[in-house]
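Q: With the input below, show me the fold.
(chains A and B)
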Amino acid sequence: KAGVTQTPRYLIKTRGQQVTLSCSPISGHRSVSWYQQTPGQGLQFLFEYFSETQRNKGNFPGRFSGRQFSNSRSEMNVSTLELGDSALYLCASSTASGTDTQYFGPGTRLTVL
Amino acid sequence: GIQVEQSPPDLILQEGANSTLRCNFSDSVNNLQWFHQNPWGQLINLFYIPSGTKQNGRLSATTVATERYSLLYISSSQTTDSGVYFCAVDGGGNKLVFGAGTILRVKS
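A: Take a look at the predicted model:
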C-alpha cells in the first residue's frame, strides 16, 4: 500500500502571497489531519477533515484553511503569508476513529521570505 | 487541554548503549503513539500503544494508562537511531497533541 504523499516537498514564497499544499492519504483512509511544525512552537494541530467535512480545528487564524475532496485528498491554503508561517507542514491520514493509528506524510517545507 | 511532557529533552549515547525515554500525560487517553522524526522531517510510526507493552526488534514501549505515562526503550542503540522521538496522545476527535520531543544523538 502506498503511503501518505504530500506535494510539493519544498516551497519558497514571499510575504503577502498565498500557498496551497496537497495531501493524498493512504488508500481507504478517509480522515486527513494537518499539522504545523516550527522550532518555537513544536508540532501543532491545524485541522482535520473527514468525508469532505472539517471535523476539528486547532487554534490558528482564518488565513489557514483547508478542504477535502470526494477521493479523500486534501488541500490546505494559507493566504497573506507572514514570515512566521515558515514551517514544516505535515499531513496525517487514518481510517476514521480517534483511537486509530495516524500515518504521516513526508511534509512540505515552506519558507516565507 | 491535555498536556504532554517528554524527558529527557536531549540524550547523547555511545553506540551499543541502552536508553529509556519517558512521556507523561495529564489526562486519560484512548490513543498514544510514539514517532521517530528522521533527518528529512518525516514522522515514522514506532508504536500505537494506549496501554500495555509492545516490542519491535530493538525497540519496545510500555504505557501505564492508570498512572498516565509511557516509556520507550531503545536497546543496543545504533547511529541510525539518532533523531527526534515524539510522543503524541489524542486531544479529542482525531487530533494528536505532541510532546516537545527528545533529541537523541548516538555516537559511533
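
Q: What distance do you get for A:C91 to B:L32?
A: Distance of A:C91 to B:L32, computed by CB to CB, to the nearest Å: 21 Å. Where C-beta positions appear, they are placed from N, C-alpha and C, glycine not excepted.

Q: which one of those two has more residues nearby?
A: Neighbours were counted for A:C91 and for B:L32 using other CB atoms under 10 Å in any protein chain shown; A:C91 has more, 28 against 23.

Q: got the contact list for the more buried one?
A: By CB atoms under 8 Å, 6 or more residues apart in numbering or on different chains, the contact set of A:C91 is A:4, A:6, A:21, A:23, A:25, A:32-35, A:74, A:76, A:104-105, A:107.

Q: Quick check: closest non-adjacent residue to it.
A: The shortest distance from A:C91 to any non-neighbouring residue, by CB to CB, 6 or more residues apart in numbering or on different chains, is to A:C23 (3.5 Å).

Q: In what element of secondary structure is that neighbour found?
A: A:C23 belongs to strand A:19-24 when elements are defined using DSSP states H and E.

Q: Run me through the strand neighbours of that strand, direction for each.
A: The strands beside strand A:19-24 in its sheet (DSSP bridges) come out as strand A:5-7 (antiparallel), strand A:74-78 (antiparallel).

Q: Touching the next helix or strand after the first one from outside, list them.
A: In the C-terminal direction, the helix or strand that comes right after strand A:5-7 (DSSP H and E) is strand A:10-13. With contact meaning CB under 8 Å, 6+ apart, strand A:10-13 is reached by A:V19, A:L21, A:L81, A:T108, A:R109, A:L110, A:T111, A:V112, A:L113.
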